[in-house]
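> here you go, sequence then predicted model.
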Amino acid sequence: SQLSGNLVIPNSVEAIGKRAFYKAYTNSANQNITLTLSENLQDIGEEAFAECTKFSGDLTIPNNVTTIGNQAFYNCSGFDGKLTLSEKLETIGDEAFRECNKVSGELKIPDSLKTIGTRAFYGLYYSETHKGTLVISKNSQLKEIKESAFQDCHNLYGNLVLPNTLTTIGSNAFNNCFKLSGAPETGDLVIPASMTAIANSTFYNCGNIKGNLKFSEGLTAIGPYAFTNCSGLKGDLHLPDSVETIGSSAFDGCYGFTGTLKLPTSLKTIESYTFSGCSNLSGSLEIPDTVTTIGSDAFYNCKNLTGTLTFSSKLTSVGRYAFALCSQLSGTVIIPDTLTTIGDYAFQACSALKKVYLPQNVPTIPEHAFNTVANTKVYYRGYKKDWLTQSDHVAGLNDSKDAINTAGSGYYWSPICYYVDVTFNANGGTFDGSATTKTVNGKDNQLYRTENMTAEMVNAIGEPKQAGYHFVGWSLKQDGGVDDVLK
């Protein structure tokens with residue numbers, strides 16, 4: 001039935017049961033109805049006041065209350081004053097205050113609180129008219145913040161302090177809380193050492209946190225979109241070596257980072273868009289040797305990363321646009337033997353790259369993989385006859401299949417350069433008094449980027465020594481004799 005007039009719960013009441021006043025104040029003609037709860041109240045049951053839309057003013061939870069049940073005040077949309085929580089509160093249930101979207105003022109999380117339920121404060125403090133300030137003290141005993149607990153609290157201000165007792169933050173917990181700041185004084189976002197994982201979209205679009213992002217060793221997983229568009233985060237992005245997985249778009253759009261990027265040594269996959277748009281990260285990019293896959297757009301427009309791009313010896317695929325617009329990556333790219341696929345535009349506009357080395361078994365390379373890298377030379381590990389057996393794997397070659405188009409528009413033909421490793425056998429003699437063989441690596445020595453041995457190569461290797469023998473020359477045959485010596 002529908003009730004009218006102010007509701008006062010007498011001090012003799014210690015508990016309010018499930019659905020005790022469910023929808024009791026929904027259609028009342030009275031306005032400005034207030035709710036006063038018992039000072040001795042300890043427990044508020046599930047849906048106790050749910051859908052009581054006619055309540056207004058402050059919502060004060062008395063200081064003896066330890067538990068607020070699921071949806072206890074769900075859609076009490078008339079409260080337009082301050083929400084004050086009990087100093088002894090331990091548990092806030094799922095959706096306990098959801099749709100109480102007119103409350104404003106300070107939201108102080110009591111130190112005694114252990115659990116904040118799923119969507120407990122979802123959508124509160126959504127406008128400048130109904131804004132609030134989050135207060136969490138360093139003495140907080142909070143252990144769990146569940147999924148979407150503060151999601152879409154667009155005008156919730158204050159410092160986001162995550163206590164050391166915290167073990168779990170659910171997905172979307174602070175999604176779109178774009179007015180929250182970092183820790184007092186520093187502005188940092190410090191992930192407690194007690195946490196082993198950061199869930200999906202936890203801090204999505206929290207762009208007002210303007211400090212360093214600090215992790216502890218022991219963190220093993222960072223979920224997709226965890227820090228997407230956290231553009232105020234600055235300094236280095238150093239991920240602890242304990243991290244094994246980083247989800248797609250985890251740091252997408254975090255262009256405030258201006259320091260170096262350190263990837264975990266245990267990382268196996270770099271997902272799509274993981275660091276896309278981190279355009280001000282600087283320093284050398286080092287891919288750990290454990291990485292097997294780099295997803296599409298993984299480092300898109302990371303234009304200030306520098307140095308030589310070194311791939312894992314276990315890498316199997318590089319996705320579309322993975323390094324597109326990484327214009328400061330320079331030096332040499334060595335494609336490992338394990339790589340089978342390079343995505344379209346993977347290295348688009350990597351204009352500072354000087355050399356790309358392809359393995360003997362060439363991976364699938366689409367036409368625009370090296371788009372607008374016109375000054376880059378492409379080297380193949382083998383002879384031309386070997387290359388011609390592999391060239392069908394490569395799009396964008398000329399008619400004779402000995403040059404690749406690396407222009408953004410029109411044509412710029414980069415000739416395929418061939419190189420081999422050459423091992424010289426002293427046939428019983430020694431080089432420099434010890435080694436009986438000497439190998440020259442073709443990719444490091446300009447002399448060996450050709451199909452044929454030359455006198456210049458012979459002179460460059462030097463003469464081996466053997467007592468009682470005179471060095472005549474090198475044979476092109478593995479077991480050749482004097483008659484086979486190169487002239």
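Sure thing, it's come through.

> okay but Gly307 is in contact with Ser330, surely?
Yes: counting by C-beta atoms under 8 Å, Gly307 touches Ser330, with 6.7 Å between them. Where you see a C-beta, it was placed from the backbone N, CA and C, and this is true even at glycine.

> of the two, give the one with the bigger neighbour count.
Neighbour tally, Gly307 and Ser330, criterion other C-beta atoms under 10 Å: the higher count belongs to Ser330, 18 against 14.

> wouldn't the more buried one be in contact with Ser284 here?
No: with contact defined as C-beta under 8 Å, Ser330 does not reach Ser284; the gap is 9.8 Å.

> which neighbours do the two share?
Taking C-beta atoms under 8 Å, 6 or more residues apart in numbering as the criterion, Ser330 and Ser284 both touch Thr306, Gly307, Thr308.

> from those, pick the one nearest Ile109.
Thr306 (43.4 Å; C-beta to C-beta).

> are we agreed that the closest one is in a helix?
No: remark: Thr306 does not belong to a helix; assigned using DSSP: H, G, I helix; E, B strand; the rest coil, it is strand.

> burial count for it?
18.

> residue contacts, the closest residue to it other than its chain neighbours?
Among residues not flanking Thr306 along the chain, Gln328 sits closest, at 4.7 Å (C-beta to C-beta, 6 or more residues apart in numbering). Residues near Gln328 by C-beta under 8 Å, 6+ apart: Lys303, Asn304, Leu305, Thr306, Ala352.

> mind running it again at 6 Å?
Shown in contact with Gln328 (C-beta atoms under 6 Å, 6 or more residues apart in numbering): Asn304, Thr306, Ala352.

> dihedrals phi and psi, the last one?
When you say that, I think you mean Ala352. phi -90, psi -10 (degrees, to the nearest 10).

> who touches it in this structure?
Counting by C-beta under 6 Å, 6+ apart, Ala352 has contacts Gln328, Ser330.

> and the gap between it and Ala369?
Computed with C-beta to C-beta, to the nearest Å, the distance linking Ala352 and Ala369 is 16 Å.

> Thr84 too?
When Thr84 is compared with Ala369 (using C-beta to C-beta), they lie 60 Å apart.

> between those two, which is the more surrounded one?
Set Thr84 next to Ala369 and count neighbours by other C-beta under 10 Å: Ala369 wins out with 25 against 18.

> just the closest of the contacts of Gln328 to Val472, please.
Closest to Val472, out of all of the contacts of Gln328 and judged by C-beta to C-beta, is Ala352, at 46.6 Å.

> from Ser330, how far out is the closest one?
In terms of C-beta to C-beta, Ala352 sits 4 Å off from Ser330.

> same check, this time on Tyr379
16 Å.

> same check on Cys350?
In terms of C-beta to C-beta, Cys350 sits 9 Å off from Ser330.

> can you check Pro240 too?
28 Å.

> got it, and Asp252?
25 Å.

> how about Leu267?
Going from Leu267 to Ser330 by C-beta to C-beta gives 23 Å.

> cool, and Ala20?
Distance from Ala20 to Ser330, by C-beta to C-beta: 70 Å.

> low-confidence ranges, the protein, go.
1, 28-31, 408-411, 443-453, 484, 486-487 (pLDDT under 70).

> help me confirm that Tyr302 comes into contact with Ala324.
For residue 302 the amino acid is Cys, not Tyr. No: contact criterion C-beta atoms under 6 Å: Cys302 and Ala324 do not qualify, at 9.5 Å.

> joint contacts of these two?
Joint contacts of Cys302 and Ala324 (C-beta under 6 Å, 6+ apart) do not exist.

> tell me the bridge partners for Gly307.
On the basis of DSSP bridges, Gly307 is bridged to Leu329.

> and the strands in the stretch 151-300 of the chain?
With DSSP state E, counting those that start in this stretch as the criterion, the stretch 151-300 of the chain has strands at 156-158, 168-169, 189-190, 197-198, 213-214, 221-222, 235-238, 245-246, 257-262, 269-270, 283-286, 293-294.

> got the contact list for the third one?
Pointing back at strand 189-190 there. With C-beta under 6 Å, 6+ apart, strand 189-190 has contacts from Gly182, Ile209, Leu213, Lys214.

> please apply the same query to the fifth one.
Outside of strand 213-214, the residues that reach it under the criterion C-beta under 6 Å, 6+ apart are Asp188, Leu189, Val190, Leu233.

> can you redo those as TSV with neighbour count?
Output for those, formatted as TSV (neighbours: other C-beta atoms under 10 Å):
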residue	neighbour count
Asp188	18
Leu189	26
Val190	18
Leu233	25
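
> pull the most distant pair out of those.
So, these by C-beta to C-beta: farthest apart are Val190 and Leu233, at 11.9 Å.

> which neighbours do these two share?
What both Val190 and Leu233 touch, as defined by C-beta under 6 Å, 6+ apart, is an empty set.

> if Tyr379 is in a bridge, with which residues?
When assigned by DSSP bridges, Tyr379 has beta-bridge partners Tyr357, Cys417.

> er, Val8 I mean
Under the criterion used (DSSP bridges), Val8 bridges to Thr36.

> any idea how far Tyr74 is from it?
Distance from Val8 to Tyr74, by C-beta to C-beta: 22 Å.

> who has more neighbours out of the two?
More crowded of Val8 and Tyr74, by other C-beta under 10 Å: Tyr74, with 24 against 11.

> ok, the more buried one to Thr53 distance?
With C-beta to C-beta as the criterion, Tyr74 and Thr53 are 10 Å apart.

> and the residue most central in space within the chain, what does it touch?
Central residue of the chain (C-alpha atoms, centre = their mean): Ala250, 3.4 Å from the mean position. Ala250 makes contacts with Ile222, Ala226, Thr274, as judged by C-beta under 6 Å, 6+ apart.

> ok, how many other residues are close to the second one?
To tie it back to what came earlier, the one meant is Ala226. Quick note: Ala226 (other C-beta under 10 Å) scores 24 neighbours.

> my guess is it contacts Thr202, does it?
Yes: using C-beta under 6 Å, Ala226 is in contact with Thr202, at 5.2 Å.

> in which helix or strand does Asn459 reside?
helix 455-461 (DSSP states H and E).

> and that helix, how far out from the chain middle?
The chain centre lies 50 Å from the centre of helix 455-461; the measure is C-alpha atoms, centre = their mean, to the nearest Å.

> what does stretch 191-211 give?
Remark: stretch 191-211 is offset 11 Å from the chain centroid, using C-alpha atoms, centre = their mean.

> what residues sit buried inside that stretch?
Residues 191-192, 195, 197-211 are the ones in stretch 191-211 that count as buried (16 or more other C-beta atoms under 10 Å).

> same question, stretch 104-122
Those buried within stretch 104-122 under the rule 16+ other C-beta under 10 Å are 104, 107-113, 115-122.

> and the residues you listed, which is closest to Leu35?
Of all the buried residues of stretch 104-122, Ser104 has the smallest distance to Leu35: 16.8 Å, by C-beta to C-beta.
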